[in-house]
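In: Quick one, fold the following:
(one chain, ligands or ions: 1)
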Amino acid sequence: MAASYDRVSKWFHWVTVGLIAVALPVGPVIKHIKDSDKMAFYAIHESAGVTILVVALARLAWRLAHPAPPLPEHVPKPLRLAAGTVHRLLYLVLILQPVLGFLTTNAFGFPLRGETAYLGFINLPKFMEVNLPLAESLKAAHQAVGWSLIVLLVLHVGGVIFHQGIRRDGTLLRMV
Ligand code: HEM
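Out: Residues are numbered from 1 along each chain as shown. Below is the predicted model of the structure:
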């Protein structure tokens, strides 16, 4: 049986999954919502996103202090390398994406205050003056990184299915 992650790492992992399940589908939907309801969707998307940032930073700190349990001997080197690369990129994107989103809202001039306060009641500081050209570039970057997150998630879940369904090496059980 493959060695398992510690309890805290498992919590971080599944809380992240839950938050992504909220932030990721809500983001692309916002532009299709009628104006009177839009702010509620912004608030949900942005609060889930900022929480992802907090969780990702705490998780990274935990991970650096608590190395992952070794993979079973029989997992070939290219698979180890692929998994490690996807995991690193996931950390990077889960930190970069909320920061880009946060800066986008500030550059457009609707920071997380009032109707879109963090978690509905915590007003976050406003970081910059309105700058529409910068806001459009940040939004484009946020969109592109959103797509790259989807690609990484497909690779990550594809890896789990491959290990569990085809190699049957019990890798999924390391995280449950
Ligand atoms: C990991 C966390 C996040 C993910 C995965 C994510 C993902 C996305 C995606 C996929 C879109 C749609 C892009 C498109 O239209 O194609 C989007 C839009 C957007 N996101 Fe995020 N986002 C995250 C965090 C945040 C945060 C923290 C904020 C702000 C504090 C934010 C603000 C926005 C804004 C303003 C839009 C544009 C919505 C619109 O007006 O159409 N995002 N996000």
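In: where exactly do the strands run in this structure?
Out: Read by DSSP state E, the chain holds no strands at all.
In: Any buried residues in stretch 151-160, and which?
Out: Applying a neighbour-count criterion of 16 or more other C-beta atoms under 10 Å, one finds 152-153, 155, 159 buried in stretch 151-160. C-betas here are computed from N, CA, C, even on glycine.
In: Of these, just say which sits nearest to residue 119.
Out: residue 153 (24.7 Å; C-beta to C-beta).
In: how close does the closest residue to residue 106 other than its chain neighbours get to residue 102?
Out: The shortest distance from residue 106 to any non-neighbouring residue, by C-beta to C-beta, 6 or more residues apart in numbering, is to residue 127 (4.6 Å). Using C-beta to C-beta, to the nearest Å, one obtains 8 Å as the distance from residue 127 to residue 102.
In: When those two are compared, which one has more neighbours?
Out: residue 102 (21 against 11; other C-beta atoms under 10 Å).
In: returning to that earlier point: quick check: the residue nearest to residue 106 touching residue 103?
Out: Yes. Residue 127 is within contact range of residue 103, at 7.2 Å (criterion: C-beta atoms under 8 Å).
In: Residues of the protein that sit close to the ligand?
Out: Taking C-beta under 6 Å from any ligand atom as the criterion, the neighbours of the ligand within the chain are 23-24, 27-28, 30-31, 45-46, 49-50, 52, 94, 97-98, 101-102, 104-105, 112, 139, 142-143, 146, 149.
In: Buried ones among these?
Out: For the residues of the chain next to the ligand, a burial check counting by 16+ other C-beta under 10 Å picks out 23-24, 27, 30, 45-46, 49-50, 52, 94, 97-98, 101-102, 104-105, 112, 139, 142, 146, 149.
In: The residue nearest the centre of the chain - nearest residue in space that isn't next to it in sequence?
Out: Closest residue to the average C-alpha location of the chain: residue 94 at 3.6 Å, with C-alpha atoms, centre = their mean. In space, and not counting its chain neighbours, residue 94 is closest to residue 56: 4.1 Å by C-beta to C-beta, 6+ apart.
In: contacting residues around the one you found?
Out: With C-beta atoms under 8 Å, 6 or more residues apart in numbering as the criterion, the residues that contact residue 56 are 16, 91, 94-95, 98.
In: for residue 99, same thing?
Out: Taking C-beta under 8 Å, 6+ apart as the definition of contact, the neighbours of residue 99 are residue 53.
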